[in-house]
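Asker: Provide a 3D model corresponding to the input given below.
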Amino acid sequence: MTLPGERPTITVVVPTRDRRETAVPCVAAAIAAARAYERAEVVIVDNGSVDGTYELLRERHAEHARLLRRPDRTIAALRNIGVSCGSGRYLSFIDSDCLVAPDYFHRAIEALAAAKADACGSPYALPDRPHWLERSWHELHAPPCDGVTRYLPAGNLVIARSAFDAVGGFRDDLITGEDAELGRRLTQAGFRLYLARDVRAVHLGNPKTLRQFFVTQLWHGLGWRGTSRGWALDRPTLMALAHALTCLAGLAAAVFMPLPLAGALTMGLGLPWIVPAVTAGFRMQRAGRASNPLAALLLYQLYYLARLCAMLARSPADVGRPARSVSE
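Answerer: This next block holds a predicted model:
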């Protein structure tokens, strides 16, 4: 940890809300990594937890981290608040359901220097003994190699403060999707984002049931407004619309076309799976590995249905979440 009077190299920001089960070990891991690096400070920003998370963190970690309570804010706002309370030349964002290794900050700074990048990180890693659902989804999205990217998850992100400040930080008004929107602005401004798999955070909060998966994707889908501009929709939104059209086409064919029963059933049941099948095939090819095709089809069917529901939602309350809450 940074000595009194010494400016830290890294400000670590950990937003949290109602994460009692994971926050203590995850914050402990972040503090251990900060102590190993020696020139890092940790700022925890609680969003009004009601399950005892704030009190438990204050009891266990107040000596080694600055703990703030800022209820009724978006997760983007929580992260910006944490940044404003620190002075590091680099900013690290770690979510309170993510575990990092003791050498995490050494690896991140080395990756930034080696890639001559302004930001680095990687998609979340799986916990030990993952559920089949989280393993299947991870296999479809895990990158096969390091490289320049346009997106880094905000729960596992290290970025130069100069780049973060230059684009104005996270957009406070976004309920979710704030990391994708930040990546878009950073890329447009000419900053270099680097996907480095050595900069690794294990995500403990993955959905482990189909219902949890659907609700999670529905929530994240609310960020489509932040990553779309006018008629320039992002790829997931475009694919969700294509999925809606194929579903409607299948229904129309089954009901209105003069087809025998077998043909009607084939059209009605087959067309809705076209977009999930195309997406699963694309993801497997891109990842360079073969995943469970049935699991992939099922998860992408739920993913696109959740995205469509998110597009139809008028507010976060429509999907069962408070309007200004941590979006994890």
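Asker: Give the helix, strand or coil label for the residue most central in space within the chain.
Answerer: Nearest to the mean C-alpha position of the chain, counting by C-alpha atoms, centre = their mean, stands residue 153 at 4.6 Å. Under DSSP: H, G, I helix; E, B strand; the rest coil, residue 153 falls in the coil class.
Asker: and the nearest residue to it once chain neighbours are set aside, how many neighbours does it have?
Answerer: Using C-beta to C-beta, 6 or more residues apart in numbering and skipping the chain neighbours, the partner closest in space to residue 153 is residue 179 (5.7 Å). Where you see a C-beta, it was placed from the backbone N, CA and C, and this is true even at glycine. By other C-beta atoms under 10 Å, the residues close to residue 179 number 26.
Asker: got a list of what residue 179 touches?
Answerer: Residue 179 sits next to 151, 152, 153, 154, 157, 170 when contact means C-beta atoms under 8 Å, 6 or more residues apart in numbering.
Asker: and what of residue 104?
Answerer: With C-beta under 8 Å, 6+ apart, residue 104 has these contacts: 33, 199, 200, 201.
Asker: same thing but at 10 Å, please
Answerer: 12, 29-30, 32-34, 36-37, 40, 92, 94, 156, 158, 198-201 (C-beta atoms under 10 Å, 6 or more residues apart in numbering).
Asker: And for residue 64?
Answerer: Contacts of residue 64 by C-beta under 10 Å, 6+ apart are 1, 27, 28, 30, 31, 32, 34, 35, 41, 42.
Asker: The third one belongs to a helix?
Answerer: Yes - in this structure, residue 28 lies within a helix as judged by three-state DSSP.
Asker: I figured it hits residue 56, correct?
Answerer: No - Residue 28 lies out of contact with residue 56 (C-beta atoms under 10 Å); the separation is 11.2 Å.
Asker: Distance check, the residue nearest to the centre of the chain against residue 269.
Answerer: In this view, residue 153 and residue 269 are 35 Å apart by C-beta to C-beta, to the nearest Å.
Asker: thought residue 18 was touching residue 50?
Answerer: Yes - because the distance of 6.5 Å satisfies C-beta under 10 Å, residue 18 is recorded as touching residue 50.
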